[in-house]
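1. fold the following.
(chains A and B)
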There are 2 protein chains.
Amino acid sequence: MNAEILSVGTELLLGHTVNTDASEVARELSTIGINLLYAGTVGDNPQRLREAVEQGLKRSGLVVTTGGLGPTGDDLTKETVAEAAGKRLVLHEESLRRIEEYFKDRPWGESQKKQAMLPEGCTVLQNDVGTAPGCVFETADGTLVAMLPGPPSELGPMLKNYLIPYLAAREQAVIVSRNIHVFGLGEGTAAEMISDLTEGANPTAATYAKENEMFVRVTARAKTAEEAEALCEPVVREICKRYGDVVYSIDVDGLENVVVKELARQKMTLATAESCTGGLLAKRITDVPGSSEVFEMGAVTYSNRIKTQLLGVPEEMLREYGAVSEQVARAMAEGVQKCAGSTLGIGITGIAGPGGGTPEKPVGLVYLAMTDGKQTWVRKLPGGSRSRGRASLRNAAASNALDMVRRYLAGLTPVAEMGKRP
Amino acid sequence: MNAEILSVGTELLLGHTVNTDASEVARELSTIGINLLYAGTVGDNPQRLREAVEQGLKRSGLVVTTGGLGPTGDDLTKETVAEAAGKRLVLHEESLRRIEEYFKDRPWGESQKKQAMLPEGCTVLQNDVGTAPGCVFETADGTLVAMLPGPPSELGPMLKNYLIPYLAAREQAVIVSRNIHVFGLGEGTAAEMISDLTEGANPTAATYAKENEMFVRVTARAKTAEEAEALCEPVVREICKRYGDVVYSIDVDGLENVVVKELARQKMTLATAESCTGGLLAKRITDVPGSSEVFEMGAVTYSNRIKTQLLGVPEEMLREYGAVSEQVARAMAEGVQKCAGSTLGIGITGIAGPGGGTPEKPVGLVYLAMTDGKQTWVRKLPGGSRSRGRASLRNAAASNALDMVRRYLAGLTPVAEMGKRP
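-> Presented below is the predicted three-dimensional model:
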């Protein structure tokens, strides 16, 4: 089935909002083998919207609109699409009840009710986050039309929980995806290593770059979930075998999530001492709900004085080797672990730039140390290559620190030589 | 002039790449008063691309394409557009020299030369970042066509430095924009307060929501920069007057940038003690290059034990009032200021959720304290409203802390009652 997306909203044409809806719909459709041929955007203008809808109905088997389902006068999508498809709008009682429930403790206007008016005979797609329901229906010519709300927080759940299953069921297919998350291998190399596996049609396997990481999504379609899973399984296993211990999880996104979960399982705690990352590592760990169980303390020690005072890094060490050195990273990790009384301690010192680099210690040079109180390991990021900017360098340093902990918790050495480290 | 954007690239239709190019072009066109009516995406398919180009040439005064200018067989934009517009492609010698220069120390293939073939009579838009030049030309029917490369790092500079000035010059206009940044006023209220000013045509004024903040952009067009600035000035002044001290800067984006700059100017230093924000405040401060001059230390003290040990928060205070209390926030701020020997100290304690809330202390409740060693101020975020999620609550808390420092440095009281606090 060939599909097109039509995004509706003047704000998209003013460039105030990046159209992430379109990519999300595109991505999800591709997982169930629906081919997107066009994506278009029009403003809240009835005539141009009508023309775009008519063009879509003519040339595509599935037209997905995003936006314009709300209560205001600018929200024209349902009216326009229904007219173009020759459908009346009728009141959907259950949606009205849901809207009334949503506003139970708040003032609301009659205009909200407009959201419960839906094309006759449609399948209603429930909105679990906001007020405007979506819908999907078939025109007299057999074209499928789906309408989704614009706000990404509403569109995402409706798309994944209602529209995609609806479309998959129509195509008599169940879709199962597994994501293999990798840290320590560039996407290019990673893609080459499995190039023979990314050519399959069922399951499909595709590589995706993420900041400082990559992942592979393996997707299979079958009549049942069991069959789809059985199709995925050998491919997932083969990919994990080829990549080895740079695979940090299957289906858990983000090193911090893996690390917090595993620390809790092993009843261990962590403390961090950060210089160049300035609290980013602590922030990423505490992004995870429940991290308070495993995160004892974080210290952001920018100045040498505080490194000495708080972490006990010897003044003469700072003088002799400089704050950005293996010795100081080690002393920071050991100092914070002792201060916090935690199982593990991390120390990070480096040059995040843009200023402060020298030929011996270029921007991007970072020393990461991890201690368990008995042994301390140090990982060095050499820096000095074409600069990637302060934010990206800092994020790479924090990810490498998390990866050291992840590897330690998995019984691997925290500083094993890996592929090209991000 | 009415414009449309046509983005070319199969990767966009697979959803692997979010189309930020389209929003960037839209935003820049709107600053020079060019109205975008459509934005479309097609894959690397000659026939569908041709149809989309022809439709664009028919209905719009300006068609801007993005993507498909590179050396590979998939890069079809120039050939297809030139054909649809009835133009031949001819070799542009200077572009060829630039490509040869780019590859001087690297191997390259003949296919790279294809990038120097451009529509006859076009104005070449130089690529300062990559190899593929862009161009702009007029068709026999008087439609303007511009082609830009797909990679955002190449498109951005070419758009801002070459295409927009070219279009502005054609329209005989210089564009000047001023951004008024506001913290402490919701976008809705802020928009209402200046609704009479957002109706003007020159200068235009428009409000934009940002996470926990908002800003107003005032844009004027005139024959000279001086004239455009003179048009902006009274509107900017009037908006600042109406908003009062919730305006935190003109043209400097981000509270942390204002705070770091102002701390440096006043030769003051800052230390932070964070509980619920978990390092996010330190991270945002150290996002700013040069922050090492003003940021003494950050402490992330999740556990009560560390609050007592590191910051000297009395155990009996923690027992009596609980970790999330005005008293503890105060003791954290005062403790970290003393420990670091800094001019100012910040303490943050609260409940970021999703768990841990109670009827008395709901998720979202945060106490923020700031001390200068003589006096300590406390701001309370009450929480308890419909949850906005952990990330958003944490960010709001960090922004409020930065706003307290900003207000102190501006000679205002850090806890003045403001509008609806984000």
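2. now do the phi/psi pair for residue A:210.
-> phi -130, psi 170 (degrees, to the nearest 10).
3. now do the helices in the stretch 301-422 of chain A.
-> For the stretch 301-422 of chain A, applying DSSP state H, counting those that start in this stretch gives helices covering A:304-311, A:315-321, A:326-340, A:390-409.
4. check the stretch 1-150 of chain A too.
-> A:10-13, A:20-31, A:46-59, A:77-85, A:93-102.
5. counting neighbours, which bits of the longest one end up buried?
-> I take that to be helix A:46-59. Neighbour-count burial for helix A:46-59 flags A:48, A:49, A:50, A:51, A:52, A:53, A:55, A:56, A:57 (criterion: 16 or more other C-beta atoms under 10 Å in any protein chain shown). Any C-beta I mention is one placed from the backbone N, CA and C, and that applies to glycine too.
6. hang on, the earlier thing: nearest to chain B, of the helices of the stretch 1-150 of chain A?
-> Taking C-beta to the nearest C-beta, helix A:20-31 is the member of the helices of the stretch 1-150 of chain A nearest to chain B, at 3.1 Å.
7. in chain A, what spans have low per-residue confidence?
-> Residues of chain A meeting the criterion pLDDT under 70: A:385-388, A:416-422.
8. what about the residue positioned nearest the centre of it, distance to residue A:358?
-> The centre of chain A sits closest to residue A:253, judged by C-alpha atoms, centre = their mean, with a distance of 7.2 Å. Distance, residue A:253 to residue A:358, using C-beta to C-beta, to the nearest Å: 37 Å.
9. cool, and residue A:87?
-> 70 Å.
10. look at these two and report which has more neighbours.
-> residue A:87 (19 against 11; other C-beta atoms under 10 Å in any protein chain shown).
11. output the buried residues of helix A:46-59 as TSV; include the columns distance to residue B:363.
-> Output for these, formatted as TSV (distance: C-beta to C-beta, whole Å):
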residue	distance to residue B:363
A:48	44
A:49	40
A:50	45
A:51	47
A:52	43
A:53	42
A:55	47
A:56	43
A:57	46
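12. what is the nearest of those to residue A:389?
-> Nearest to residue A:389 among the buried residues of helix A:46-59: residue A:52, at 38.6 Å, using C-beta to C-beta.
13. tally of neighbours for the nearest residue to that closest one once chain neighbours are set aside?
-> Of all residues not flanking residue A:52 in the chain, residue A:42 sits nearest, at 4.9 Å (C-beta to C-beta, 6 or more residues apart in numbering or on different chains). Residue A:42: 29 surrounding residues under other C-beta under 10 Å.
14. and residue A:289, by the same measure?
-> 14.
15. contact partners for the residue nearest to it when sequence neighbours are not counted?
-> Nearest residue to residue A:289, sequence neighbours excluded (C-beta to C-beta, 6+ apart): residue B:354, at 5.6 Å. By C-beta atoms under 8 Å, 6 or more residues apart in numbering or on different chains, the contact set of residue B:354 is A:289, B:363, B:387, B:389, B:390.
16. apply 7 Å and report the result again.
-> A:289, B:363, B:390 (C-beta atoms under 7 Å, 6 or more residues apart in numbering or on different chains).
17. buried ones in stretch A:183-202?
-> Buried, per 16+ other C-beta under 10 Å, within stretch A:183-202: A:183, A:184, A:185, A:186, A:187, A:190, A:191, A:194, A:197, A:198.
18. likewise for stretch A:242-250?
-> A:243, A:246, A:247, A:248, A:249.
19. go on, stretch A:357-374?
-> Quick answer for stretch A:357-374 (16+ other C-beta under 10 Å): A:357, A:361-372.
20. how about those in JSON lines, adding distance to chain B?
-> Converted to JSON lines, these look like this (distance: C-beta to the nearest C-beta, whole Å):
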{"residue": "A:357", "distance to chain B": "12"}
{"residue": "A:361", "distance to chain B": "15"}
{"residue": "A:362", "distance to chain B": "16"}
{"residue": "A:363", "distance to chain B": "11"}
{"residue": "A:364", "distance to chain B": "14"}
{"residue": "A:365", "distance to chain B": "16"}
{"residue": "A:366", "distance to chain B": "14"}
{"residue": "A:367", "distance to chain B": "17"}
{"residue": "A:368", "distance to chain B": "16"}
{"residue": "A:369", "distance to chain B": "18"}
{"residue": "A:370", "distance to chain B": "17"}
{"residue": "A:371", "distance to chain B": "18"}
{"residue": "A:372", "distance to chain B": "19"}
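21. how about those, which pair is most distant?
-> The span of those, defined through C-beta to C-beta, is set by A:357 and A:372 at 32.1 Å.
22. residue of the stretch 301-422 of chain A closest to chain B, please.
-> Counting by C-beta to the nearest C-beta, the stretch 301-422 of chain A gets nearest chain B through residue A:306, at 4.4 Å.
23. so that residue sits against residue B:340, correct?
-> Yes. The pair formed by residue A:306 and residue B:340 meets the contact definition of C-beta atoms under 7 Å, at 6.3 Å.
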